[in-house]
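Colleague: Next one to model:
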Amino acid sequence: MNIFVLMKRTFDTEEKISIQSGAIQEDGAEFIINPYDEYAIEEAIQLRDEHGGEVTVVTVGGEDAEKQLRTALAMGCDRAVLLNVEDDLEEWDQYSASTILYHYLKDKEASLILAGNVAIDGGSGQVAPRLAELLGFSYVTTITSIQIDGGSASIERDAEGDVEVISAELPLVVTAQQGLNEPRYPSLPGIMKAKKKPLEELELDDLDLDEDDVPYKIKTIERFLPEKKEGGKVLSGELQDQVKELTDLLRNEAKVI
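Modeller: Sure, this is the predicted structure:
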């Protein structure tokens with residue numbers, strides 16, 4: 001199987017975000033593989049081990065993303081590709097990313113493309129479906145199980161608290177939901193092997209694109225942090241006194257009743 005995984009570099013989930021003059025400050029911040037993409041990477045490796053083939057992990061970004069690509073290689077991916085747009089684009093959005101990925105993947109004869117359900121920074125979940133539309137592939141989102149049999153796939157997907165079972169033909173794009181698997185940690189031998197695995201870097205020119213072909217269609221008006229929440233209150237005393245105090249707080253302080 002010729003398997004590709006879409007990966008995004010995101011802030012560490014424990015990182016404290018700082019905004020200055022409307023811009024997110026990245027200096028000194030820790031970055032990781034988007035956690036949902038880790039499920040996609042793990043599933044791709046398991047499917048390759050079961051059915052044979054090769055796993056290529058691909059990202060759109062800058063040179064800083066090489067660290068996360070090397071981590072994916074250490075997990076077990078065979079190849080990595082950095083579509084480096086840092087010198088060509090000041091900003092890019094879901095439209096830009098999916099278009100760039102399409103021009104890379106359109107002649108790669110992919111059997112299966114996996115991605116995370118959403119990225120924890122933007123949370124739009126648009127890139128993989130947009131890419132599938134451009135490629136003319138079927139796609140299934142929020143999958144929690146996938147079994148490949150020849151040229152078809154049997155898939156279970158999260159459907160608002162229930163499970164939907166879908167059959168689909170390859171080639172196919174799927175997005176991974178939490179519960180699909182348990183992503184592995186890179187082992188020391190895996191880290192050492194990753195240093196020798198191929199990591200290809202391509203720019204827009206290599207894809208016969210220029211910045212006018214991938215315009216940024218989303219305009220950011222403002223960025224701001226949510227208001228700081230006050231600590232909760234613990235009520236004490238007799239039950240009837242707690243009920244009276246709670247009612248007073250809801251009416252006079254929270255103003256919800």
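
Colleague: quick one: average confidence on the longest strand anywhere in the chain?
Modeller: Looking across the chain with DSSP state E, the single longest strand is strand 138-149. Strand 138-149 comes out with an average pLDDT of 96.

Colleague: Adjacent strands (with direction) for that strand?
Modeller: Partner strands for strand 138-149, per DSSP bridges, with pairing direction: strand 152-159 (antiparallel), strand 172-176 (parallel).

Colleague: tell me which residues in whichever helix or strand comes after the first one are buried?
Modeller: So that's strand 152-159. Using DSSP states H and E, the helix or strand that follows strand 152-159 towards the C-terminus is strand 162-169. Buried residues in strand 162-169, counted by 16 or more other CB atoms under 10 Å: Ala168. All C-beta spots, glycine's among them, are computed from the backbone N, C-alpha and C.

Colleague: Please apply the same query to stretch 21-32.
Modeller: Under the neighbour-count criterion of 16+ other CB under 10 Å, stretch 21-32 has Ile32 buried.

Colleague: For that stretch, output the C-alpha coordinates as CSV.
Modeller: The C-alpha trace of stretch 21-32 is given here as CSV (Å, rounded to 0.1, in the frame of the first residue of the first chain):
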residue,chain,number,x,y,z
SER,A,21,-0.1,43.2,19.3
GLY,A,22,-2.6,40.7,18.0
ALA,A,23,0.1,38.1,17.1
ILE,A,24,0.7,34.8,18.8
GLN,A,25,4.2,34.7,20.3
GLU,A,26,6.2,31.6,19.3
ASP,A,27,9.6,32.5,20.7
GLY,A,28,10.6,29.9,23.3
ALA,A,29,7.3,28.0,22.9
GLU,A,30,7.3,24.2,22.7
PHE,A,31,5.8,22.5,19.6
ILE,A,32,4.6,18.9,19.0
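
Colleague: Show residues contacting the longest strand of the chain.
Modeller: When contacts are defined by CB atoms under 8 Å, 6 or more residues apart in numbering, strand 138-149 is touched by residues 1, 43, 47, 50-51, 112, 117, 125, 128-129, 132-133, 153-159, 163, 166, 168-170, 172-177, 179-180.

Colleague: Convert the C-alpha atoms of it to CSV, please.
Modeller: Extracted in CSV, the C-alpha atoms of strand 138-149 (Å, rounded to 0.1, in the frame of the first residue of the first chain):
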residue,chain,number,x,y,z
SER,A,138,-14.0,9.4,-1.1
TYR,A,139,-13.4,10.5,2.5
VAL,A,140,-14.6,9.5,5.9
THR,A,141,-14.1,11.6,9.0
THR,A,142,-13.7,10.9,12.7
ILE,A,143,-12.9,7.2,12.3
THR,A,144,-12.3,4.9,15.3
SER,A,145,-11.6,1.7,13.3
ILE,A,146,-10.4,0.8,9.8
GLN,A,147,-9.9,-2.6,8.2
ILE,A,148,-8.5,-3.0,4.7
ASP,A,149,-9.4,-6.0,2.5
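
Colleague: buried residues in that strand?
Modeller: Within strand 138-149, the residues scored as buried using 16+ other CB under 10 Å are Tyr139, Val140, Thr141, Thr142, Ile143, Thr144, Ile146, Ile148.

Colleague: Report the next helix or strand after whichever strand or helix holds Glu66 in sequence order.
Modeller: Using DSSP H and E, Glu66 sits in helix 66-75. Toward the C-terminus, helix 66-75 is succeeded by strand 79-84 as the next helix or strand (DSSP H and E).

Colleague: Okay, now the sheet partners of that next one, with direction.
Modeller: Looking at strand 79-84 with DSSP bridges, its partner strands are strand 54-61 (parallel), strand 199-202 (parallel).
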